[in-house]
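Q: Give me coordinates for this.
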Amino acid sequence: MILCIVATIGAAAAAHSAVTERSGRAAPEPSRAQVRQQVKALGALGQALFFDPALSGSGKLSCASCHDPAHGFAAASDLAVQLGGGDLQQPGVRAVPSLKYLQAVPPFTEHFFESEDDADESIDNGPTGGLTWDGRVDRGQQQAKIPLFSDFEMGNKSDEDIARRLIAADYGARIAAIAGVQGTPDTSVLVNTALKALEVFEQDYGTFYPYTSKYDAVLAGKAVLTPQEARGLDLFNAPAKGNCASCHVSQRGNDGTPPQFTDYGLIALGAPRNPEIPANKDSHYVDLGLCGPLRTDFLNRTDYCGLFRTPTLRNVALRKTFFHNGVFHSLQQAVEFYVERETRPERWYSHKPDGSVDKYDDLPQAAKANVNMDPPFDRHAGEAPALTPDEIQDVISFLGTLTDGYSQPEQ
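A: Sure thing, here's the model as predicted:
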């Protein structure tokens with residue numbers, strides 16, 4: 001309910017500010033009925049824009065082209081990075097993240113402290129929150145703008161490009177009605193209203209955060225985990241085994257909200273360098289997440305290099321790529337990497353000229369000190385991994401219960 005109220009207030013503010021931006025004068029506050037109508041209109045516009053390729057330079061790439069509803073609003077293909085640009089041949093540099101369950105992501109902060117309800121509010125959890133892999137924006141409106149202007153995504157060069165395409169695709173009248181302006185809206189109103197509409201659509205709870213997985217049904221007392229799924233959950237939570245829940249929180253929030261399966265923190269996991277990314281053919285190119293190159297406000301913070309935001313594991317079984325660089329293409333690989341990164345590094349990393357393993361080979365030497373060493377990463381080469389092959393299958397079985405759309409089987 002709280003999230004719905006937040007989305008409603010945000011939508012009302014979006015339409016209200018559009019009028020103010022147009023006239024330069026404060027518009028009258030909308031009534032409740034007007035708020036509901038504005039929310040409905042903005043959401044419908046955002047949905048139309050999300051699936052319409054008309055806003056791209058190629059005329060063939062929509063938001064849904066990379067954020068497929070059937071795959072948890074992540075990529076449908078197993079390409080490490082997707083292709084875009086005016087010719088649809090320009091490769092990106094990061095894997096496409098899911099757009100589901102982003103409604104509770106807090107604004108980015110360098111110092112996140114536990115709430116007063118937790119055991120010790122003095123603990124600084126470090127960089128936390130923000131949207132995208134490096135947390136560089138806080139609002140859906142800002143997030144939507146990134147692909148619109150990216151040379152390897154939708155390829156617009158200016159606000160005027162987007163405004164022209166909105167008019168050509170017959171969105172002008174809809175935007176004018178929402179913004180409360182006469183005639184054709186100017187560039188600012190066209191672009192800002194479109195971005196706000198996308199933000200409102202991505203707050204639609206039934207679409208982007210429905211909480212309809214089997215695990216949600218279990219928490220509601222309407223389903224029961226199978227023995228294998230239950231073992232997987234225990235292993236997922238156990239600090240000495242998977243320890244997944246240390247970052248992918250599986251418990252309800254203190255206010256009773258469903259678990260988000262992320263702590264929103266930014267962490268360095270040392271994912272292997274991915275040769276499938278064309279940019280990586282240049283040995284000098286490195287994607288360091290929080291310290292650049294796409295994020296530019298922490299370029300000189302070596303202690304932030306290699307940190308990427310922990311994604312939710314909801315709908316993870318629908319993914320075709322894993323980690324920020326899409327280096328893995330199966331959930332099996334991703335879980336095996338977690339438990340074997342330190343015990344069998346030769347399986348995951350390249351080798352140096354002298355034949356030794358180049359651990360954390362997608363990071364410069366100075367950034368390797370940032371790689372997380374909490375369990376199950378506290379083991380050493382040659383030791384037994386934290387999970388056996390059977391236990392890995394148990395964890396994967398549990399992760400399958402986080403997929404939305406569960407229905408109780410017939411008795």
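
Q: For the stretch 51-200 of the chain, which segments count as strands?
A: Remark: strands assigned in the stretch 51-200 of the chain by DSSP state E, counting those that start in this stretch are 83-84, 90-91.

Q: And the last one, what does it pack against?
A: With contacts taken as 3 or more Cβ pairs under 8 Å, 6 or more residues apart in numbering; DSSP states H and E, strand 90-91 sits against strand 83-84. For every residue, glycine as well, the C-beta is placed using N, CA and C.

Q: which of the strands of the stretch 51-200 of the chain sits most buried?
A: Ranked by mean neighbour count, those are led by strand 83-84 with a mean of 22 (mean count of other Cβ atoms under 10 Å).

Q: for that strand, packing partners?
A: strand 90-91.

Q: Where does the record place the domain boundaries for the protein?
A: With domains defined by automatic domain parsing, the chain comprises 2-208, 214-402.

Q: can the ones you listed go into JSON lines with extra columns for mean pLDDT and distance to P409?
A: Putting those into JSON lines (pLDDT from 0 to 100; distance: least, Cβ to Cβ, whole Å) gives the following:
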{"stretch": "domain 2-208", "mean pLDDT": "87", "distance to P409": "21"}
{"stretch": "domain 214-402", "mean pLDDT": "97", "distance to P409": "9"}
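
Q: would you list these in a markdown table and tack on distance to Q408?
A: Shown next, in a markdown table, are those (distance: least, Cβ to Cβ, whole Å):
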| stretch | distance to Q408 |
| --- | --- |
| domain 2-208 | 19 |
| domain 214-402 | 6 |
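
Q: Now for Q142: which residues touch it?
A: Q142 makes contact with L131 under the criterion Cβ atoms under 8 Å, 6 or more residues apart in numbering.

Q: switch the cut-off to 7 Å
A: By Cβ atoms under 7 Å, 6 or more residues apart in numbering, the contact set of Q142 is empty.

Q: Likewise for D216?
A: Counting by Cβ under 7 Å, 6+ apart, D216 touches P258.

Q: May I ask which helix or strand encompasses it?
A: helix 214-219 (DSSP states H and E).

Q: quick one on the thing from earlier: would CSV of the strands of the stretch 51-200 of the chain with distance to A173 be doable?
A: CSV is the format used below for those (distance: least, Cβ to Cβ, whole Å):
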stretch, distance to A173
strand 83-84, 29
strand 90-91, 33
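
Q: And those: which comes nearest A177?
A: Closest to A177 of the strands of the stretch 51-200 of the chain is strand 83-84 (Cβ to Cβ; 31.0 Å).

Q: Please work out which residues outside that closest one touch it.
A: Residues from elsewhere that reach strand 83-84, judged by Cβ under 7 Å, 6+ apart: L61, Q89, Q90, P91, G92, F152, E153, M154, G155.

Q: Is it possible to get CSV of those residues that adds distance to C244?
A: As requested, these are exported to CSV (distance: Cβ to Cβ, whole Å):
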residue, distance to C244
L61, 34
Q89, 38
Q90, 35
P91, 31
G92, 27
F152, 32
E153, 31
M154, 35
G155, 38
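
Q: just those now: which is nearest M373?
A: Nearest to M373 among those is G92, at 30.0 Å by Cβ to Cβ.

Q: residue boundaries of the helices in this protein?
A: Per DSSP state H, the chain carries helices over the ranges 2-23, 32-50, 63-66, 140-149, 159-168, 172-179, 187-201, 205-208, 214-219, 227-237, 331-340, 345-348, 389-399.

Q: Which positions within stretch 359-373 qualify as buried?
A: Neighbour-count burial for stretch 359-373, counted by 16 or more other Cβ atoms under 10 Å, picks out K359, Y360, D361, D362, L363, A367, K368, N370, V371, N372.

Q: Can you pick out the most distant pair from those?
A: Largest separation among these by Cβ to Cβ: D361 and N372, giving 16.3 Å.

Q: for the residue located most distally from the centre of the chain, phi and psi?
A: Most distant residue from the mean C-alpha position of the chain: D354, 38.5 Å away (Cα atoms, centre = their mean). Per-residue torsions, D354: phi -80, psi 0 (degrees, to the nearest 10).

Q: doesn't F152 make contact with S56?
A: No: applying Cβ atoms under 7 Å, one finds S56 not in contact with F152, separated by 11.5 Å.

Q: Compare the two (neighbour count), which wins?
A: Ranked by neighbour count (other Cβ atoms under 10 Å), S56 and F152 place S56 first, with 24 against 19.

Q: Identify the residues contacting that one.
A: S62, M154, G155.

Q: Kindly report the same for L233.
A: L233 makes contacts with L225, F398, as judged by Cβ under 7 Å, 6+ apart.

Q: again, only using 10 Å
A: 215, 218, 225, 242, 244-245, 250, 394-395, 397-399, 401 (Cβ atoms under 10 Å, 6 or more residues apart in numbering).

Q: Relative to R319, which of these is nearest.
A: Among the contacts of L233, and counting by Cβ to Cβ, the member closest to R319 is L399, at 10.2 Å.

Q: do you know how far the closest one is from Y215?
A: 9 Å (Cβ to Cβ, to the nearest Å).

Q: Then R252?
A: For R252, the distance to Y215 - Cβ to Cβ - is 11 Å.

Q: can you check H111 too?
A: To Y215, H111 is 31 Å away according to Cβ to Cβ.

Q: Comparing those two, which residue is more hemmed in?
A: Y215 (24 against 9).

Q: what's the spacing between that one and L225?
A: Here the distance between Y215 and L225 works out to 8 Å (Cβ to Cβ).

Q: Identify the contacts common to the two.
A: Counting by Cβ under 10 Å, 6+ apart, the shared contacts of Y215 and L225 are L233, F398, T401.

Q: Tell me the one among those residues nearest to G140.
A: Among the shared contacts of Y215 and L225, T401 lies closest to G140 (Cβ to Cβ), at 27.6 Å.

Q: got a list of what the closest one touches?
A: Neighbours of T401 in contact, by Cβ under 10 Å, 6+ apart: 213-218, 223, 225-226, 229-230, 232-233, 317.
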